[in-house]
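*Asks:* Return a 3D structure for these sequence lines:
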Amino acid sequence: MIDVLYNYRQGDIHAAEFSDEFNKLCIPFENSLSEEQIDVFHKILDCVSDTAAAEMRLAYKIGFKDGATMMKEIQD
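*Replies:* All right, here's what the predicted structure looks like:
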């Protein structure tokens, strides 16, 4: 159920833009790569993004459970 809540609310979360530092490093680096290297680089970025998303889902679930535990303790 917590996953369903997270996935429902996920559409309300607006993606942050890349930082200026990321753009300063990434754009020139990407421009220096061959097409094959760019494909690998994008796959690496996708892996990083997937890992961050999984961590966010896990943190949401843990926070939700912690909040429910605190509410239960307050009522007891």
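
*Asks:* helices or strands next to the helix or strand hosting G63 in the packing?
*Replies:* Assigned by DSSP states H and E, G63 falls within helix 35-75. Other helices and strands packing on helix 35-75, by 3 or more C-beta pairs under 8 Å, 6 or more residues apart in numbering; DSSP states H and E, are helix 2-10, helix 20-31. For every residue, glycine as well, the C-beta is placed using N, CA and C.

*Asks:* Check the offset of the last one from the chain's centre.
*Replies:* Counting by C-alpha atoms, centre = their mean, to the nearest Å, helix 20-31 is centred 20 Å from the centre of its parent chain.

*Asks:* what angle separates it from helix 35-75?
*Replies:* 150 degrees (axes from the mean of the first three to the mean of the last three C-alpha atoms, to 10 degrees).

*Asks:* who's in contact with helix 20-31?
*Replies:* Contact partners of helix 20-31, identified using C-beta atoms under 8 Å, 6 or more residues apart in numbering, comprise F18, I38, F41.

*Asks:* and with 10 Å instead?
*Replies:* Residues from elsewhere that reach helix 20-31 (C-beta atoms under 10 Å, 6 or more residues apart in numbering): E17, F18, S19, Q37, I38, F41, H42, L45.
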